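[1] Just to be clear, the model below is a prediction. Sequence and coordinates:
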Amino acid sequence: MERVATLWIGKRFSFLEHLCLKSFADVDQKPIVYHYGDLEDIPDYIEPRDAREIYDTPEIYRDPITRSVAVHADLFRLQLMQKTNYIWADADAYAVRPFETKNGYLFPNANLKKQRIMNGVLALPGDSPGLQAMCKYAFDSDLVPPWWTQEHRETYRQMFNGSTYWSLPIFSFGPPMLFHFLYGTPEHEMAVHRSVLYPIPLRYRGLWNDPDLSKLDFLKWDQQMSVHFFGSWFRKIFLGRQINSGSLVDTLLRKHGIDPSEHPL
């Protein structure tokens, strides 16, 4: 069985991460959790590893204003795919069944309207042309996004006289980068339908805590691999609020034996 891996920066998991990580263990796909030595909350259903094995940097990249580590995670993900054959899964991705690739590939088809490919679950083989091009852009270029128009790129260079990870929009190494380097190539033909990995669109996030499960009858559990809970939105919904009995989240917490009171958001 293929392995799933993620990165965690912080001392503990909330009940969301416990739920999602345990969901992998409960389908016999024990997840690997890389960390930089600060993780104190290590349950027996994960395999902890030193993140420096994958991406050894003198510091963890944090946005100077928001303190987000999203850019660091994006760069780590690229290194993970280069150095291993593991499947990347965000810690807010719930496993309906074991994750598996198709010839080393696992990602959803593109959102053409937004020109994005979601990266919460992602696997590309080490010899992927798209992966090699993304790594060259992220680690060996002037960091000016090639998907911008020529005028945009020139104006940006004039304004900043160079580029850094922090002068770019925060998700520049995520969905728009994936779209640029994968869409329109033979590799994009390896994509799965978005509903396989993201069956509950973000606009329906209110259904996570709705006690009327009949509203989720559109889900086809036998065809899905994952349910993605979009951590930042999950916290907005559940922080300081009750989990409704019988809701999807309540049902899954009970199924996997996770007590939310022991792991607050």
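    That came through, no problem. Numbering: from 1, shown residues only.

[2] Next, name the residue at the spatial heart of this structure.
    The residue lying closest to the centre of the chain (Cα atoms, centre = their mean) is residue 120, at 2.5 Å.

[3] Kindly confirm whether my reading is correct that that residue touches residue 228.
    Yes. Checked against Cβ atoms under 8 Å, the pair residue 120 and residue 228 is within contact range at 5.3 Å. Glycine gets a C-beta too; all of them are placed from N, C-alpha and C.

[4] Quick check: residue 124 vs residue 92, distance?
    Per Cβ to Cβ, to the nearest Å, residue 124 is found 21 Å from residue 92.

[5] Compare these two (neighbour count), which wins?
    residue 124 (28 against 22; other Cβ atoms under 10 Å).

[6] Wait, the more buried one touches residue 81, no?
    Yes. Shown here, residue 124 and residue 81 form a contact pair, counting by Cβ under 8 Å, at 5.1 Å.

[7] Which neighbours do those two have in common?
    Common neighbours of residue 124 and residue 81 (criterion: Cβ atoms under 8 Å, 6 or more residues apart in numbering): residue 131.

[8] returning to that earlier point: excluding chain neighbours, give the residue nearest to the residue nearest to the centre of the chain in space.
    Distances taken as Cβ to Cβ, 6 or more residues apart in numbering place residue 90 nearest to residue 120, at 4.2 Å, with adjacent residues excluded.

[9] The residue nearest to the centre of the chain and residue 12, how far apart?
    21 Å.

[10] Equivalent analysis for residue 121, please.
    23 Å.

[11] Those two: which has the busier surroundings?
    residue 121 (23 against 14).

[12] Run through the residues that contact the more buried one.
    87-90, 93, 99, 106-108, 197, 225-226, 228.

[13] Could you report the separation of it from residue 196?
    Taking Cβ to Cβ, one finds residue 121 at 9 Å from residue 196.

[14] what is in contact with the two at once?
    Contacts common to residue 121 and residue 196, judged by Cβ under 8 Å, 6+ apart, are 108, 225, 226.

[15] per-residue pLDDT, the last one?
    To tie it back to what came earlier, the one meant is residue 226. pLDDT, residue 226: 98.

[16] Please look at it and residue 96 and confirm they touch.
    Yes. If you go by Cβ under 8 Å, residue 226 and residue 96 touch, sitting 6.0 Å apart.

[17] which one of those two has more residues nearby?
    residue 226 (24 against 18).

[18] quick one, phi/psi of the more buried one?
    Backbone torsions of residue 226, given as degrees, to the nearest 10, read phi -150, psi 160.

[19] who's it bridged to?
    residue 95 (DSSP bridges).

[20] Offset the numbering so it begins at 428, please.
    Sure, I'll start counting at 428 from here, so that last one is residue 653.

[21] separation between it and residue 563?
    Distance from residue 653 to residue 563, by Cβ to Cβ: 29 Å.

[22] any idea how far the residue nearest to residue 535 when sequence neighbours are not counted lies from residue 686?
    Spatial nearest neighbour of residue 535, excluding adjacent residues (Cβ to Cβ, 6+ apart): residue 621 at 4.2 Å. Look at residue 621 and residue 686: by Cβ to Cβ, they are 32 Å apart.

[23] Compare these two (neighbour count), which wins?
    residue 621 (17 against 10).

[24] The more buried one and residue 539 touch, don't they?
    No. Using Cβ under 8 Å, residue 621 is not in contact with residue 539; the gap is 11.5 Å.

[25] so which strand or helix has the nearest residue to residue 525 once chain neighbours are set aside?
    Sequence neighbours aside, residue 456 is the residue nearest to residue 525 in space, at 4.5 Å (criterion: Cβ to Cβ, 6+ apart). Using DSSP states H and E, residue 456 falls within no helix or strand.

[26] got the contact list for residue 456?
    Contacts of residue 456 (Cβ under 8 Å, 6+ apart): 428, 429, 430, 431, 522, 525, 526.

[27] ok, it to residue 486 distance?
    In terms of Cβ to Cβ, residue 456 sits 32 Å off from residue 486.

[28] which other helices and strands contact the longest helix anywhere in the chain?
    Longest helix in the chain by number of residues (criterion: DSSP state H): helix 497-510. Judged by 3 or more Cβ pairs under 8 Å, 6 or more residues apart in numbering; DSSP states H and E, the packing partners of helix 497-510 are strand 431-434, strand 514-516, helix 556-566.

[29] Lovely, talk soon.
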